[in-house]
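*Asks:* Prediction below, plus the sequence it came from.
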Protein chains: 2
Amino acid sequence: MSAASTHSALSPPSRVLLGPGPSLVHPRVLQAMTAPIISHLDPIFLSIMDEIQERLRWLFHTSNPFTIAISGTGSAAMEAAVVNLIEPGDTVIVGVNGVFGGRLAQMIERCGGTALRLEFPWGHIIPPEAIEHALNRHHPIKAVALVHAETSTGAWQPLEDIGPLCHAHDALLLVDAVTSLGGMPVKVDEWGIDACYSATQKCLSCPPGLAPLTFSERAMAAIANRKTPCQSWYLDSSLLAAYWSERTRTYHHTAPISMAYALREALQIIYEEGLSPRYARHRRNQQALVAGLNVLGFRLLPSPEQALPSLTCVSLPTGWDDKSLRRLLLEEFNIDIGGGLGPLAGQVWRIGLMGESSRLEHVLHLLGALEVLAHRLGLSQHRQGDALQAALSTYTHPPSYPGNSTHTSCHS
Amino acid sequence: MSAASTHSALSPPSRVLLGPGPSLVHPRVLQAMTAPIISHLDPIFLSIMDEIQERLRWLFHTSNPFTIAISGTGSAAMEAAVVNLIEPGDTVIVGVNGVFGGRLAQMIERCGGTALRLEFPWGHIIPPEAIEHALNRHHPIKAVALVHAETSTGAWQPLEDIGPLCHAHDALLLVDAVTSLGGMPVKVDEWGIDACYSATQKCLSCPPGLAPLTFSERAMAAIANRKTPCQSWYLDSSLLAAYWSERTRTYHHTAPISMAYALREALQIIYEEGLSPRYARHRRNQQALVAGLNVLGFRLLPSPEQALPSLTCVSLPTGWDDKSLRRLLLEEFNIDIGGGLGPLAGQVWRIGLMGESSRLEHVLHLLGALEVLAHRLGLSQHRQGDALQAALSTYTHPPSYPGNSTHTSCHS
């Protein structure tokens, strides 16, 4: 109950954030949070919300009216998607090939749904045929839930053909895009996604605290036809929609004002870069990283064509000790990367190149630090500099995205 | 789907925030949010969480180990308190004398509980005898839920004797302290409160986005004895405790890093002021405000001895039009106050003097603006300056809190 001493001044170090999120944040975004606080019902704040909605629709490649930022982190948006769409008695096919598919299944069960787990090895994807097979065997299926970018394994789930398959079986498609939105295409309308959510602290390079969420008209119709009220008041989309809608603006909860300022600025920075150049940058830096890591003896967990541009999960070479090496990276080189989760703890590293963190200088910094440690500790037989060399060689050709104008290529 | 234009630079105005929250934020708190982002599992961030917990215990006057900040706004903490303590089949006595008691009852019903509403007129308190009567009539009662500071009416619910009464009936006491914590005593241990939550954007003068929550050992035992899992994964206290606990630090969700920096700094500022001086300041400025408003013909909704120091709810004098006058206050004087909610819409104003907003200069600014508008629009017969004079007269005597040292008086 006592607070005995005055705490020292806040002075977190400037880490190089190359883990599974949060990612590095542009100084403009940090600066935006120093803007004066205004009320969540101030007309000027409402116009900022409109701007955020417009940009989120652009980023999700959607025209969904219900496209908002949940006042919480990515897991809050996951829960918002689940508790609004699923009610007791509903059955959902859930792809489980890592932590976050498992989390989805748990949330579905916590709201009275039945989760039919399609389990595949961690690092693999969920084969579309397995989804089709499950849809043919079980009826009715309320939704199919898939993780586009599985942050625990670095696997990139193909989605292009799943939406029509779901709709043919009268099922909704729910997609976790926490680690993909802003770093690779997430084409909600074109792919027929009905519920899609993300987080700010990954490829959007914004501090954590808000979470984009969009529902299709099909999803909104399912919500309108619920037999029971949404179990969460805080995440109830009908109440949230009344606050976010230009027509009503009914008070629901007090929006996180400073976080909204930050998100607006982060989305502006993405807009200035353009989506195609941004996606290409993420892929390019990941390819350089993987080339360098291969020289050091790391191996990608997913197959190369199923590896995410934003999050690289690699198994540790023999002799590399997870915890002590990550501690050295943090303490000596100021680099933060992620360890493995669940069954992969101690076995893999998770290296995020997301948003502002996806830069040549960070790839070289990390590979350089690993080269130093490998040589100091006798962990590798390669010639010092070879990993950096391998990374650099991937940059020989100029970026391959179509054109270099800022905006012509974004409306894809 | 298109984002046709580059948005203009972010430049929200410097409003004088005298509504029901958010309140004004000290520049040190805004500045804290520009500190570099580090990971939610970085040892330095974990030590910042420890500092926040220590200070929240001090502010709640509690030694509860489970004292954390929920990653959401005040309504998320309300939902966290409810969904962790209440499960299907539980019956809860809920004091309903305004919006937030009603919201509590809705949340209880959304998680399968039965809410026994003790309804009293808005602006009144829930009489302790009514609670005792309900506890005597119904058994078993899982909890009694009360709003300490009803933000929709400005009523101050007495709590001192309710805890022992609840415990004698084997019921938990759940308290909403959203608009009281940091502005008036909230003595969790002494009053026998089992679950208590607040929000950052009221008397803590921090941007919205986090919400303090504390559970007593009695509450933790009730949670450990649940028959069903908590319906919310995001707000599940057992998962949250494993992340906040010094012993385990198990990853649950990505904490809002910048918001945690802001809360740490806001708590530091409160600590430097000291609790007793802070509580006295809130009371003193509210008394000055009420004296001035009385001259203009406004009348307190609650009885004076049941009026909150942090939020003053007054009925509008005859002839004063709610919306047009609030628009003039905002556009001409840059002052933001709140209108009435629900049945009080158009009837009352809600004026918050919370944290940094509770200052003599803001009281004089608001009263001065109201004097100008009253005279311009012919709304009052009083002599111009009388409202300011009445407010100033309440400051004649020096503050009455015991002593003026910063910390000797805080451990009350």
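*Replies:* Nice, thanks for sending it over.
*Asks:* Quick one: the helices in the stretch 201-350 of chain A, in order.
*Replies:* A:217-224, A:237-244, A:257-273, A:275-296, A:322-333 (DSSP state H, counting those that start in this stretch).
*Asks:* Give the buried residues for the second one.
*Replies:* Within helix A:237-244, the residues scored as buried using 16 or more other Cβ atoms under 10 Å in any protein chain shown are A:237, A:239-241, A:243-244. From N, CA and C alone the C-beta is placed, and that goes for glycine too.
*Asks:* Tabulate these (CSV), appending distance to A:Asp321 and pLDDT.
*Replies:* Converted to CSV, those look like this (distance: Cβ to Cβ, whole Å; pLDDT from 0 to 100):
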residue, distance to A:Asp321, pLDDT
A:Ser237, 46, 97
A:Leu239, 50, 96
A:Leu240, 46, 96
A:Ala241, 50, 95
A:Tyr243, 50, 94
A:Trp244, 48, 93
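*Asks:* Identify the residues contacting A:Glu356.
*Replies:* Neighbouring residues of A:Glu356 by Cβ atoms under 8 Å, 6 or more residues apart in numbering or on different chains: A:23-26, A:205.
*Asks:* and those residues, which two are the farthest apart?
*Replies:* Using Cβ to Cβ, the pair of the contacts of A:Glu356 lying farthest apart is A:Ser23 and A:His26, separated by 10.2 Å.
*Asks:* Out of the helices of the stretch 201-350 of chain A, which one sits most buried?
*Replies:* Most buried of these by mean neighbour count (mean count of other Cβ atoms under 10 Å in any protein chain shown) is helix A:257-273; its value is a mean of 23.
*Asks:* packing partners for it?
*Replies:* helix A:27-32, helix A:43-60, helix B:257-273 (3 or more Cβ pairs under 8 Å, 6 or more residues apart in numbering or on different chains; DSSP states H and E).
*Asks:* give me the low-pLDDT residue ranges for the stretch 101-250 of chain A?
*Replies:* The stretch 101-250 of chain A contains no residues with pLDDT under 70.
*Asks:* where does it come near chain B, residue by residue?
*Replies:* Contacts of the stretch 101-250 of chain A with chain B, taken as Cβ under 8 Å from any Cβ of the partner chain, map to A:103, A:106-107, A:110-111, A:189, A:199, A:201, A:207-209, A:229-234.
*Asks:* So for B:Val99, which of the helices and strands packed on helix A:257-273 sits nearest?
*Replies:* It's helix A:43-60; of the helices and strands packed on helix A:257-273, that one is closest to B:Val99 (Cβ to Cβ) at 20.5 Å.
*Asks:* in the closest one, what counts as buried?
*Replies:* Within helix A:43-60, the residues scored as buried using 16+ other Cβ under 10 Å are A:45-46, A:48-49, A:51-60.
*Asks:* Please list which of these also come close to chain B.
*Replies:* A:45, A:48, A:51, A:54-55, A:57-58.
*Asks:* could you pull out the strands for the stretch 101-250 of chain A?
*Replies:* Assigned by DSSP state E, counting those that start in this stretch, the stretch 101-250 of chain A shows strands spanning A:114-119, A:143-147, A:149-150, A:155-156, A:172-176, A:195-197, A:211-215.
*Asks:* gap between the fourth one and the chain center?
*Replies:* Strand A:155-156 sits 12 Å away from the centroid of its parent chain (Cα atoms, centre = their mean, to the nearest Å).
*Asks:* which stretches of the stretch 301-412 of chain A form strands?
*Replies:* A:311-315, A:335-336, A:338-339, A:348-352.
*Asks:* Specify the beta-bridge partners of A:Ala145.
*Replies:* Applying DSSP bridges to A:Ala145 yields these beta-bridge partners: A:Val94, A:Leu174.
*Asks:* who touches it in this structure?
*Replies:* Applying Cβ under 8 Å, 6+ apart, we find A:Ala145 in contact with A:82, A:92-95, A:101, A:104-105, A:108, A:174-176.
*Asks:* repeat for A:Gly183
*Replies:* A:149, A:202-203, A:278-279, A:282, A:308-310, A:354-355, A:358.
*Asks:* Just give the closest residue to it, not the sequence neighbours.
*Replies:* Nearest non-adjacent residue to A:Gly183, counting by Cβ to Cβ, 6 or more residues apart in numbering or on different chains: A:Cys203, 3.3 Å away.
*Asks:* tally of neighbours for that neighbour?
*Replies:* 35 (other Cβ atoms under 10 Å in any protein chain shown).
*Asks:* how long is stretch A:234-252 end to end?
*Replies:* With Cα to Cα, to the nearest Å as the measure, stretch A:234-252 spans 8 Å from end to end.
*Asks:* no wait, stretch A:343-362
*Replies:* End-to-end distance for stretch A:343-362, by Cα to Cα: 28 Å.
*Asks:* Which parts of that stretch count as buried, going by neighbours?
*Replies:* Buried residues in stretch A:343-362 (16+ other Cβ under 10 Å): A:344, A:348-358, A:362.
*Asks:* related to what we said a few turns ago, closest to chain B among the ones next to chain B among the buried residues of helix A:43-60?
*Replies:* Chain B has its nearest neighbour among these in A:Trp58, at 3.9 Å by Cβ to the nearest Cβ.
*Asks:* isn't that closest one right up against A:Tyr271?
*Replies:* Yes. Between A:Trp58 and A:Tyr271 there is a contact at 7.4 Å, judged by Cβ atoms under 8 Å.
*Asks:* Around chain B, pick out the residues from the stretch 251-400 of chain A.
*Replies:* So the stretch 251-400 of chain A meets chain B at A:251-259, A:261-262, A:264-265, A:268, A:271-272, A:330, A:336, A:341 (Cβ under 8 Å from any Cβ).
*Asks:* how close does A:Ile70 get to A:Phe215?
*Replies:* Per Cβ to Cβ, to the nearest Å, A:Ile70 is found 12 Å from A:Phe215.
*Asks:* One more: A:Ala307?
*Replies:* 30 Å.
*Asks:* of those two, who's got more company?
*Replies:* Set side by side, A:Ala307 and A:Phe215 show more neighbours around A:Phe215, with 30 against 23, by other Cβ under 10 Å.
*Asks:* Show me the shaky parts of the stretch 251-400 of chain A.
*Replies:* In the stretch 251-400 of chain A, residues with pLDDT under 70: A:399-400.
*Asks:* in it, what residue is nearest chain B?
*Replies:* A:Pro256 (3.4 Å).
*Asks:* Cool, thanks, signing off.
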